[in-house]
Structures are given as C-alpha cells and as structure tokens.
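Coordinates only, no sequence provided:
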C-alpha cells in the first residue's frame, strides 16, 4: 500500500509524525510518499531569524495549521516536549523562518528521479537541517548539500533549472481539493488521518484503510478542479483545468466548468466567449443561458443580457 504524507518540512509535527509513521509501518508492505503542504506560505524569500519572526502575528496564524487545537505558544512548548520524547533531544528548534517552496521542489524531484526511498532520504535531511542543525533550508546552497548527502547528486542542478515548480504548485492545489487542512495529514487508500497521531493509531489506521478507487487521471483532475471551485478558488481550479482545456477543449463539461471559473474570477470576456459557445451548441441549457446573462450584465450589456435571463427563467423557474 502507498502511504501519502501531506506535510510542510517547517512543521515540527511533520518531523515527529515521520518517526511515528516509521514505527507504525514496521513489518508492513507499505511505501511512503511525501506531498507538499504549506503552513507558512507568506514566509519571506530571504529567511529571517526565528525569534524575530515569532513577533509577527502571521506566524502565529501559520502555526495553527500545524496544531489547530493549540495556541501557537502552547504548540511550541508541546512540540519541543514531544520531540524530546521521540528522541530528537533538547536541542530541537529552528533558527530560521524559512520559505519551504524550494525544499518541497527538491523532495518532489527526488521522487520523480529516484523513487520513494530517495525521496524519504531527502525529506529526512531537510527536516533534520531545519529543526536540529538549525540551517536555513530556503538557501539554495544548503539544499544542494542536503541533496548530495542524501544521494541525489543531480538535485541541486534541477533546482537551479527551475524543475519541479509547476509540479509542487499543482500538488498543493490537489491537496487543497482533497481536503488537506493540516500538517501532517496521512492518506492511506481512500482514508485520511490528520495530525501526528501515535504510532499505534497510525498503524491501526493503515491496516483498516479501504483501497482507493482508481480513477483516470483526467477524471481525477476534473473532480479536483470542481472541489476548488466549490471552495471559491476559481484561479486554482483553472490551473488544474488547463491541461483538460488543451486536450479536451470541446468537452461540454470541461467548458462549463471553465466558464464558471472565468465568471467567478471576473475574467468576463473569457466567460462570455465560453458561455456563448455553449449556448449556441445547446440552446435549451438553462444554466448556461443564465450564467451568460449574468456575465453580460456584469459587462454592462443589459439589453443583450435580458433575453438570455428571461429565457433561462422560463426554462428553469429557480433562475427567475
């Protein structure tokens, strides 16, 4: 079974969770894959000292994504105590508020180029560097050394070439669409377990997990885009839809979802073009007509909008 851990490498509970997952999976036929999550997407590109960063209220908000049930102060104390219990010692604690995007790129690239074993080795070194060695893991030279130490000799060059950027951004959107809200979130089959639970709880969770139903990649991408739109993230939905629009630009469902995304993101010219195309192809589609009418209204074309809105209301009274 494949176990996915959606986590941020700057979240202390993610590193603690890693140790607990390792104990939980002893003797089981399972592989672990790391997926990105960001608890602190507003971290500055240039790392700042951790103690200085703690005065920033946005950092407190970020820490709540690691431990939603604790205040940031309680979380810092709790994670240090648990880290000591887990064998990390009393020197635990980052020295830097570091942007983790490049670290996530390196970890994702390790999976692509070497598989789960290499990826796990890179993830271990990145988290150790942040929490125990007190290094700046947003520093490119540091990431080069960590990649080489993990046996990923080409990792640094791939980072410098910009590889993995789009992949990580898509994975972050996928995690959001799946409902990942905290770091770590462990996914096994069709089940998800939030937080760094005990090894015993994780093992029971993995053993009880139901296999996930495998969907074609395009269907999964479409459903994730729908989920993001339902979460009022039309730009994220469009980012996931882009390959489907390129490959299936005539598919009615894809076009309708794109039209809704354009409308909600105020890209009214694009919304109008897509919706006019849909209405021309299927004149009795009340929803497409209604949305086209609303789009024309927002563009200031009330006279053009009127007929579409009236016809939509006749076909579907809820649009009256």
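That came in fine, so what should we check first? Treat the numbers as computed from the prediction; the structure is a model and nothing was measured.

So residue 4: helix, strand or coil?
Per DSSP: H, G, I helix; E, B strand; the rest coil, the secondary structure class of residue 4 is strand.

beta partners for it?
Beta-bridge partners of residue 4, counted by DSSP bridges, are residue 33, residue 187.

now it: how far from residue 234?
Residue 4 is 26 Å from residue 234, where distance means C-beta to C-beta, to the nearest Å. Placement of C-beta: from N, CA and C, glycine included.

Please identify which of those two sits among more neighbours.
Each of residue 4 and residue 234 has its neighbours counted (other C-beta atoms under 10 Å); residue 234 has more, 22 against 19.

mind listing what that one touches?
Residue 234 is in contact with 228, 260-265, counting by C-beta atoms under 8 Å, 6 or more residues apart in numbering.

Low-confidence ranges, the stretch 51-200 of the chain, go.
Residue ranges of the stretch 51-200 of the chain with pLDDT under 70: 58-64.

mind pulling up the phi and psi values for residue 48?
The phi/psi pair for residue 48 (degrees, to the nearest 10) reads phi -120, psi 150.

Phi, psi for the residue nearest to it when sequence neighbours are not counted please.
Distance criterion C-beta to C-beta, 6 or more residues apart in numbering; nearest residue to residue 48, sequence neighbours excluded, is residue 97 at 5.1 Å. Reported as degrees, to the nearest 10, the phi and psi values for residue 97 are phi -90, psi 100.

Would you mind measuring from residue 209 to residue 191?
In this view, residue 209 and residue 191 are 4 Å apart by C-beta to C-beta.

The two: who's more crowded?
A count of neighbours by other C-beta under 10 Å puts residue 209 above the other of residue 209 and residue 191, at 18 against 14.

show me the contacts for the more buried one.
Contacts of residue 209 (C-beta under 8 Å, 6+ apart): 1, 188-191.

Which phi and psi values does it adopt?
Here residue 209 shows phi and psi, under degrees, to the nearest 10, equal to phi -60, psi 140.

right, and the residue nearest to residue 48 touches residue 43 too?
Yes: taking C-beta atoms under 8 Å as the definition, residue 97 is a contact partner of residue 43 at 5.7 Å.
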